Structure formats: structure tokens, C-alpha cells
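Novice: Predicted model and sequence below, questions to follow.
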Amino acid sequence: MTVITAETRSKLVRAEVVLPVGSLDDSEHPGIAHYLEHVVYEGPGRSLHPKLQHLYTRGIQGGASTSSCATAYWVVGLARDATEMVPAILSISFTDELDCSSMDAERGVILQEQRENATQNLFGLWARRNLFAHMPSFQHFPVGTPESIRDMRAEELHAFYQEWYEPGVALLVVAGGVDHEKMVELALAHTKTSHRNKVVPPRTPFPPLIDKFTYRKEDATPSVAFYSHLPTEWRIRRCVFLANDLLIESVYGLLRQDLRNERGIAYAIRTALDPWPYSFLNNAVPVAQEHFAYVEEAYRRAISRVIAGDYPEKLLERVRVTEIIDHNTDDELSNNGWTNRLGNRWVAGQLDDHDVVNFYESVARDEIAAAATSLLDYGRVHIVTG
């Protein structure tokens with residue numbers, strides 16, 4: 001088991017067990033990783049797992065989640081209780097015999113979760129089915145489908161558990177007022193050594209199809225959304241982030257200047273980075289439909305200016321410093337932020353340390369320009385009413 005700690009001197013501790021298995025591994029049973037997460041965390045009690053009961057009066061909080069490529073079990077409490085919290089979450093995650101007694105009762109809960117996902121995130125489901133039409137495992141949310149949830153059987157959960165719930169491929173990440181050596185000691189004491197030597201091959205990102213799509217919804221806010229693949233190499237990816245900042249920065253950004261300050265047709269540009277496992281950058285411009293064509297022209301024109309180095313030095317200095325500030329802000333993450341960040345980086349195989357501040361202070365215009373060329377290869381989504 002890998003053990004990572006972030007010693008924040010907090011009076012609280014968050015401990016999380018992360019397994020490198022998620023809906024991408026569901027195979028012929030959509031939603032099985034998520035269903036198993038419910039059964040493992042709920043245990044036979046279906047309220048608070050019996051192995052957490054003794055910590056209930058101490059304010060313990062806990063939970064679990066399943067994403068495309070990871071399953072996590074976590075507890076939060078006072079640092080003084082860490083030596084009891086960590087063994088508890090380890091013993092929940094790794095047990096001699098999986099107890100599926102709550103499986104049938106939990107089925108209705110999971111079906112309701114599926115219904116809520118399907119109705120509350122219609123665009124997310126549409127994006128999975130269109131941008132990732134080449135990926136069968138992306139055609140549904142991690143929760144699965146109504147049919148797969150109704151058909152799930154205990155023997156399938158047992159087999160999946162035996163295949164994936166292996167301490168040797170798991171991560172224990174603990175943030176707060178903790179001692180690293182003590183956490184390693186607890187991990188060794190409360191997990192059994194396995195001789196199966198399971199190996200999980202590193203995943204490669206799953207970029208979306210680069211194409212043109214139209215999404216229609218009666219109450220949608222008309223928008224043009226551009227998305228581009230993100231490179232996997234750290235330095236090039238950071239250069240792409242800087243290039244994008246030059247487009248959308250809140251005062252002098254090239255695209256913002258054009259669409260808001262000069263043309264007066266847009267209020268804001270919204271950016272989302274989805275580096276793992278989907279690997280794309282998304283810029284969305286809410287704007288009236290009659291301006292869609294102009295926005296597309298302006299987007300390509302602004303990228304071309306970045307490639308040509310046609311932007312003021314004060315804009316480059318602004319985005320350099322903004323990125324440094326954001327990085328330093330990240331260093332002041334909460335315990336929750338640290339476990340999420342370290343867990344995600346571990347799953348993605350991106351735990352290498354980099355001198356981020358030095359990179360932002362020294363990166364040259366020509367390196368940013370070279371990375372910005374990848375932004376020209378973009379897909380777009382027209383979000384329209386109707």
C-alpha cells in the first residue's frame with residue numbers, strides 16, 4: 001500500500017483510502033464499482049458502518065465516492081482520534097469476507113441516485129454520449145443504468161471485490177495534524193500482505209472526439225463552447241494553460257477584450273479544465289445565437305495572436321503572477337483539498353514534483369506560442385434553445 005501524508009498542523013484529520021478502480025472497469029456490469037462502494041461502506045448496518053460506531057459520539061464524519069477511475073472511502077475527525085480513524089477506514093475497505101446483506105435494500109437507493117443524476121445533469125450525460133461516443137464505458141454515469149442496477153447480483157460484487165480490493169494497489173492518504181511514520185505503521189498493522197501481486201497498468205487519458213455538435217434544450221442559455229485536447233507532458237500542459245489565460249484573463253485577455261470590451265456581446269467566458277481522465281480544456285461563451293459565427297471567428301483570431309506573440313507584456317506578466325498566486329493558494333488547501341489533490345494525482349500517475357513558480361517566472365513567449373498551436377485543433381458545441 002502507498003501511504004502519503006500532508007502534515008498541515010490542523011486539529012482535524014481526513015484519512016482516505018483510494019483504489020484505482022471505477023466505472024471504466026465496470027465491463028459488462030455498468031455501475032458495479034459504484035454499487036460495490038455502497039455495499040462496502042454501508043456494511044450490514046445501512047446507516048453508520050459498525051466499524052465506525054465507536055467513533056460516532058466523537059463527531060466522526062465519513063463517506064465514499066466512485067468516479068470513472070477511482071473509488072474512495074474517507075473519514076474526518078479530530079487529530080487526536082486519528083489512530084482509531086485510520087484503522088477503521090482500512091478495515092472497512094479491506095475485509096476477509098464481503099458482507100452483501102445490505103445489497104437488496106440498497107438497490108432502491110442507488111436507483112434513485114441514478115434518476116437524480118439523469119435528470120439533474122442532462123448536459124453531462126449528453127456530453128458523455130456524444131463527445132465520447134467512441135468510449136462505451138462513458139455512455140453512462142458511474143452509478144450505472146436502471147437495468148444494470150436492477151440486475152446486479154451478489155456473486156458479481158464478490159468477484160469484483162476479489163479482483164480489485166487489494167491493499168497492494170491502494171493508496172492511504174492522510175491530511176491534517178498527523179505523523180507520517182505513525183500512519184505507515186497503522187497501514188502495515190491493519191492490512192494483510194497479499195501474495196497475488198496484482199498489477200494495475202497505468203491509464204492513458206481519454207480525449208473527446210474533436211467535432212461539431214449542437215445541444216438543444218428548451219431553457220438552455222445559448223452558448224458556444226470550444227474544447228481542445230490537453231497534452232500529457234507537464235510543461236507543455238502548463239504552457240497551454242498560460243496560452244488560455246492570455247485569451248480569457250479578466251481585464252486584458254485577448255478574447256475578452258474583443259467580445260466584451262469592444263463588441264459588447266458577452267458578459268463572461270467560462271473555462272473548465274478536465275485533465276483526468278478525459279483530458280480536455282473547455283471555454284464556453286454565453287452569447288446570443290446571432291453572434292455565434294462572430295465568436296468562432298474571434299476565438300480563432302485570438303489564438304493566432306497568441307501564437308504570433310501579438311499581445312502586450314503587461315498581459316503576460318499578469319497571467320504569470322496570477323498562476324503563481326493560484327499555486328501558492330493551493331498550498332493552503334484544506335485537509336479535504338489535500339487528500340483530493342494527492343489522491344487524484346496518484347491515480348493519474350502524476351506525483352512528480354515540479355518547480356512551478358520557477359516555470360511561470362521563466363517560461364518564454366516562443367514556448368507558450370508552440371503550445372498554443374494545440375488550441376487551434378478544437379471542437380465546438382453550440383448550445384441552443386429549442
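Specialist: Everything's here; your move. The structure presented is a predicted model; accordingly, all values stated were derived computationally and were not measured. Numbering: from 1, shown residues only.
Novice: Would you quantify the distance from the residue most central in space within the chain to Ser23?
Specialist: Ranked by distance to the mean C-alpha position of the chain (CA atoms, centre = their mean), the top residue is Trp276 at 6.2 Å. Noted for Trp276: a distance of 14 Å to Ser23, by CB to CB, to the nearest Å. C-beta here means a position set from N, CA and C on the backbone, and glycine is covered the same way.
Novice: Same question for Thr8.
Specialist: As judged by CB to CB, Thr8 and Ser23 stand 31 Å apart.
Novice: Between those two, which has more neighbouring residues?
Specialist: Ser23 (23 against 20; other CB atoms under 10 Å).
Novice: Look up how far Ser68 lies from the closest residue to that one other than its chain neighbours.
Specialist: Counting by CB to CB, 6 or more residues apart in numbering, Ser23 lies nearest to Pro142, which is 3.8 Å off, once chain neighbours are set aside. Look at Pro142 and Ser68: by CB to CB, they are 6 Å apart.
Novice: So what touches the strand or helix carrying Ile324?
Specialist: Here Ile324 sits within helix 313-330, counting by DSSP states H and E. With contact meaning CB atoms under 8 Å, 6 or more residues apart in numbering, helix 313-330 is reached by 241-242, 245-246, 249, 251-254, 337, 341, 356-357, 360-361, 363, 365.
Novice: Now for the residue nearest to the centre of the chain: which residues touch it?
Specialist: Counted by CB under 8 Å, 6+ apart, Trp276 has contacts 69, 205, 344, 347-348, 350.
Novice: my guess is it is in a strand, correct?
Specialist: No: secondary structure assignment (DSSP: H, G, I helix; E, B strand; the rest coil) places Trp276 in coil, not in a strand.
Novice: and it, how far is that from Leu230?
Specialist: Going from Trp276 to Leu230 by CB to CB gives 9 Å.
Novice: What of His29?
Specialist: From His29 to Leu230 the distance is 30 Å (CB to CB).
Novice: now the strands for this structure?
Specialist: For the chain, the strands defined by DSSP state E occupy 2-7, 12-19, 61-66, 71-78, 171-176, 212-216, 223-229, 270-274, 280-286, 378-384.
Novice: Just send those strands back as JSON lines, with mean pLDDT too.
Specialist: Shown next, in JSON lines, are those (pLDDT from 0 to 100):
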{"stretch": "strand 2-7", "mean pLDDT": "93"}
{"stretch": "strand 12-19", "mean pLDDT": "96"}
{"stretch": "strand 61-66", "mean pLDDT": "93"}
{"stretch": "strand 71-78", "mean pLDDT": "95"}
{"stretch": "strand 171-176", "mean pLDDT": "95"}
{"stretch": "strand 212-216", "mean pLDDT": "94"}
{"stretch": "strand 223-229", "mean pLDDT": "94"}
{"stretch": "strand 270-274", "mean pLDDT": "86"}
{"stretch": "strand 280-286", "mean pLDDT": "94"}
{"stretch": "strand 378-384", "mean pLDDT": "94"}
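Novice: for these, which one sits closest to Arg153?
Specialist: Minimum separation from Arg153 across the strands of the chain (CB to CB) falls at strand 61-66, 18.4 Å.
Novice: any residues touching the closest one, and which ones?
Specialist: Contact with strand 61-66 is made by 22-23, 33-34, 37-38, 40-41, 48-49, 52, 71-77, 89, 142-143, as judged by CB under 8 Å, 6+ apart.
Novice: Any of those buried? List them.
Specialist: 22-23, 33-34, 37-38, 40-41, 49, 52, 71-77, 89, 142-143 (16 or more other CB atoms under 10 Å).
Novice: which of the residues in stretch 300-309 are buried?
Specialist: 302-303, 305-307.
Novice: With stretch 74-94 instead?
Specialist: 74-79, 81-82, 84-90, 92-94.
Novice: Show the contacting residues for His34.
Specialist: Residues near His34 by CB under 8 Å, 6+ apart: 23, 66, 110, 142-144.
Novice: ok, now how distant is the residue nearest to Asp274 when sequence neighbours are not counted from Ser10?
Specialist: Leaving aside its sequence neighbours, Asp274 sits nearest to Phe280 (CB to CB, 6+ apart; 5.5 Å). Distance from Phe280 to Ser10, counting by CB to CB: 34 Å.
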